[in-house]
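*Asks:* predicted model follows, preceded by the sequence.
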Amino acid sequence: MAEDNKPLLIKRYASRRLYNTETSDYVTLEDIAGFIRDGREVQIVDLKSGDDLTRQYLLQIIAEHESRGENILPVNVLTDLVRTYTNQAESMVPQFLQASFEMLRDGQSAMMENMTKASPMGQMPGFEMLQAQQEAFMKAMTQGLAGGWSGPAKEEAKPAEEGEDLDAIKQQLADLQDKLSKLGK
């Protein structure tokens, strides 16, 4: 069990083949995606240089799923991500995305926990609050990505308005985190 806590080490050989060090066999990107879906953390390293290639391969897995029509990321979100890479002043985006996904994961966990208590979905304690939180979360996320971080759309805005929008989003996220932590109790 302790072994599950450390990342699954995948080594990339010079031939670009990926080798699972736990099972001593070669794996594909789809195999790696399966490990991740099963809850395993993975680390992919270049055998020769020792460079960590995990980020590169995770992005490749996402790109392959998106190209097969398994679209999760809306075009406007992808566009805003590209803009973020070109504007280094937007350094808070990674923290925002990480916090957003943590909240989403926590909310899903709380919802699944409540569903296993065999109560009907509509009568589930806190269901309406969870629904409201999800709506507020999505509103905050789409407002932030579409309005707060889109370069050309905000160039005409006053600097004070940008700060106020950011403060409002931060407050909404903090409120959602508080509500989610109360649901877990």
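*Replies:* Here it is on my side, so go on. Note that the structure is predicted; figures quoted are calculated from it, not measured. Numbers count the residues shown, from 1 in each chain.

*Asks:* where do the domain boundaries of the protein fall?
*Replies:* 2-67, 75-183 (automatic domain parsing).

*Asks:* going by mean pLDDT, which of these comes out lowest?
*Replies:* Ranked by mean pLDDT, those bottom out at domain 75-183, with a mean of 65.

*Asks:* kindly check the end-to-end length of stretch 16-23 for me.
*Replies:* Stretch 16-23 stretches 18 Å from its first residue to its last (CA to CA, to the nearest Å).

*Asks:* who's in contact with that stretch?
*Replies:* Stretch 16-23 has contacts (CB atoms under 8 Å, 6 or more residues apart in numbering) with 3, 8-13, 25-29, 31-32, 44, 47, 57. Where C-beta positions appear, they are placed from N, C-alpha and C, glycine not excepted.

*Asks:* please point out which parts of it sit buried.
*Replies:* Burial within stretch 16-23, assessed by neighbour count using 16 or more other CB atoms under 10 Å, is assigned to Leu18, Tyr19, Asn20.

*Asks:* again with stretch 167-185
*Replies:* Ile169, Gln172, Leu173, Leu176, Gln177, Lys179, Leu180, Leu183.

*Asks:* rewinding a little: any chance of TSV for the buried residues of stretch 16-23, columns distance to Ile61 and secondary structure?
*Replies:* Output for the buried residues of stretch 16-23, formatted as TSV (distance: CB to CB, whole Å; DSSP: H, G, I helix; E, B strand; the rest coil):
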residue	distance to Ile61	secondary structure
Leu18	12	strand
Tyr19	17	strand
Asn20	15	strand
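
*Asks:* closest to Asp51 among the residues you listed?
*Replies:* Relative to Asp51, the closest of the buried residues of stretch 16-23 is Leu18; by CB to CB it sits at 14.2 Å.

*Asks:* specify the beta-bridge partners of the closest one.
*Replies:* For Leu18, the beta-bridge partners under DSSP bridges are Arg12, Val27.
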